[in-house]
Structure formats: structure tokens, C-alpha cells
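1. A predicted structure for the sequence below; I have some questions about it.
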Amino acid sequence: MEYIITFSDVMAGVITLALGIITFFIKKWIDGVEKSNSEIQKKIEAGNKEIREKIDRNDAKVNERIDKLEKKTDADIQGIRKEINQMKTDFPITYVLREDYIRIMNNVETNIKEVDKKIDTLLLTMNKEK
């Protein structure tokens, strides 16, 4: 018995060959996509590395500025503390409490009244002698 190649046999071979070719091209296309994805990933990583370096440099600059500002602020605070301490020492000498002022003015007023009385008595005695 001899085997006769039928149309279905030919079509099965053609379909198998076509599926093999299609699989080959799909695999090539997927490999290309993976390669481009890996290249893009490398570029992204390089860009991220550059960004991290820039951020680190910027952080260093910002930290330097903050340190300078902290030193300046500390110096300003020390100056203000010195001024406040100077005011504290000068305060009792320069300023008088209200109660002290009233007490002193009452004493001055009393002394003026006593002087006025003495002058009055002196004038009365001088007028009587005339």
C-alpha cells in the first residue's frame, strides 16, 4: 500500500511551517522588546544615579547654609543675651520703681514744707522786729 499525500496532509505541513515561522518572529520581536526594555532600564538607572548625585550635592549645600545660619543665629542670641544682662545691671540704676518715686517725692514735699514754714517764721519774726 502506497501512501497518497492528500490536501489535508499538505495543509497540515503548511500550517505547521507557518506556526513555526510565526513563533520564530514573535520570539525575535519579544527579544527585541526585552532588549529595548533593558536599555531603557539602564538609562533610567543612570538618570536616577545622576539625580541622586545632584540631590546629595544640593543637600550638602543646604546643610552648609543651615550651619552658617545656625552659627549666625547663635552669635545673635549671644549678643542679645549680653544686651539683656547689661540692661539688668543698669535697670536699678537707671529706673526707679513707682513706689520708690512716690516715697521720695513725699519726702521732698515734706522737706519743702518745712523750709516754707521756716521761711514763714523767719519773715514773721522779721516783720515783728520792724
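-> Arrived safely.
2. the domain parsing of this protein - what is it?
-> Structural domains annotated on the chain: 36-95, 97-130, as defined by automatic domain parsing.
3. Compile the ones you listed into TSV and extend it with columns for mean pLDDT.
-> Below are those laid out as TSV (pLDDT from 0 to 100):
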stretch	mean pLDDT
domain 36-95	92
domain 97-130	88
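4. mind putting those domains in TSV, mean neighbour count and distance to residue 27 included?
-> The way it works is simple: take the backbone N, C-alpha and C, and place the C-beta from them, glycine included. Rendered in TSV, the data for the domains of the chain read as follows (neighbours: other Cβ atoms under 10 Å; distance: least, Cβ to Cβ, whole Å):
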stretch	mean neighbour count	distance to residue 27
domain 36-95	10	15
domain 97-130	9	99
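5. In TSV: those domains, plus distance to residue 18.
-> Shown next, in TSV, are the domains of the chain (distance: least, Cβ to Cβ, whole Å):
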stretch	distance to residue 18
domain 36-95	27
domain 97-130	110
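6. Which other helices and strands does the longest helix seen in the chain contact?
-> The helix that spans the most residues within the chain, counting by DSSP state H, is helix 7-94. Counting contacts by 3 or more Cβ pairs under 8 Å, 6 or more residues apart in numbering; DSSP states H and E, helix 7-94 packs against no other helix or strand.
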